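Visitor: Need the 3D shape of this:
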Amino acid sequence: MLRNKKFFLFFFLIVTGASAQSVFFSKLEGKVTNLNKGIADVHVMNTTSNRATITDKDGRFSIATKLNDTILFSAVQYKRMTLVVSRAMLESRSIIVPLEEFINELDEVVVRPYDLSGDLSRDMNSLNKEKVYVAATLGLPNAYVKPITQAERKLNEATTGGGLVPLNPIINAISGRTKYLKKVLASQEKYARTVRVREYYADSLFVKHLKIPENKIEDFMYFCEVDNAFSAVVDSHDKLKIWEYLKLRSNAYLKEADEE
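Guide: I've put the predicted structure just below:
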């Protein structure tokens, strides 16, 4: 009987605390776009209350806010945007948040003061090379252990806890934080695979052999990302296998583009 009372009190405190936190908040709904198209997997964070969410496949989101809260919108390949919640935004049924593409361009490349010729073998011989000291060369333990990412660290913190009954996994599961962090980690891992593929092949190969217009390469890569086979193929590190996969996906992508 005493155990039931303790459990009821613990559950009551969680529900009461969650209700008290949400009394002064309103739900802000909207859509994140670029060129009038919704952007999926954009991080939407209320930096005032530390609440966060991610846009769905159509770019739509819903987040708890109150007047004068600051909302940060961030996504890979897009410029960050911050909005201060106004009364008009809270009273509107939905808002549109347009993001601009982030393009990092260099006007020119300067090789001075090293006076590099462009001939790698000759330039390497002419440079003064000093011995590099890193964990591996010093024989330190865990020298080859891959450091975990911020998303992996946050997910680990959310799903572990001390004591006989760890509370972190319970609270984070109830609040949806664990599910959110898993989605963030999966999104980052998929984008890391896309970056790896782009490093394997020059843009000219996409244009010449896959018939993908240069300004559509990023869109094509996202088309590949959402395919269930993408992760396994890229993780094989077999460049020929990956290229064959890209050829098959390019046919499907171009066919879909023609039908639109």
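
Visitor: alpha carbons only for contacts and neighbour counts from here, please
Guide: Noted.

Visitor: Need the nearest residue in space to L35, chain neighbours excluded.
Guide: Spatial nearest neighbour of L35, excluding adjacent residues (C-alpha to C-alpha, 6 or more residues apart in numbering): P98 at 7.9 Å.

Visitor: tell me which residues in stretch 47-66 are buried?
Guide: Using 16 or more other C-alpha atoms under 10 Å as the test for burial, stretch 47-66 gives 52-56, 59-66.

Visitor: In a markdown table, list those residues along with distance to K241.
Guide: Output for the buried residues of stretch 47-66, formatted as a markdown table (distance: C-alpha to C-alpha, whole Å):
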| residue | distance to K241 |
| --- | --- |
| A52 | 38 |
| T53 | 36 |
| I54 | 32 |
| T55 | 32 |
| D56 | 31 |
| G59 | 32 |
| R60 | 35 |
| F61 | 37 |
| S62 | 40 |
| I63 | 42 |
| A64 | 45 |
| T65 | 47 |
| K66 | 51 |
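
Visitor: Nearest to L240 among these?
Guide: Proximity of these to L240 (C-alpha to C-alpha) peaks at D56, which lies at 33.0 Å.

Visitor: The closest one and I39, how far apart?
Guide: Distance of D56 to I39, computed by C-alpha to C-alpha, to the nearest Å: 8 Å.

Visitor: Next: L246.
Guide: As for L246, its distance to I39 is 23 Å (criterion: C-alpha to C-alpha).

Visitor: all helices of this structure, in order?
Guide: Assigned by DSSP state H, the chain shows helices spanning 2-22, 87-91, 120-126, 150-159, 167-175, 177-200, 203-208, 217-225, 230-235, 239-259.

Visitor: Worst mean pLDDT among those?
Guide: Note on these: helix 2-22 shows the lowest mean pLDDT, a mean of 48.

Visitor: the longest strand in this protein is where?
Guide: Counting by DSSP state E, the longest strand found in the chain is strand 26-34.

Visitor: partners of that one, with directions?
Guide: The strands beside strand 26-34 in its sheet (DSSP bridges) come out as strand 37-38 (antiparallel), strand 60-65 (antiparallel), strand 95-98 (parallel).

Visitor: export these to TSV and tack on distance to E218 and mean pLDDT?
Guide: Below are the strands paired with strand 26-34 laid out as TSV (distance: least, C-alpha to C-alpha, whole Å; pLDDT from 0 to 100):
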stretch	distance to E218	mean pLDDT
strand 37-38	14	93
strand 60-65	21	94
strand 95-98	18	94
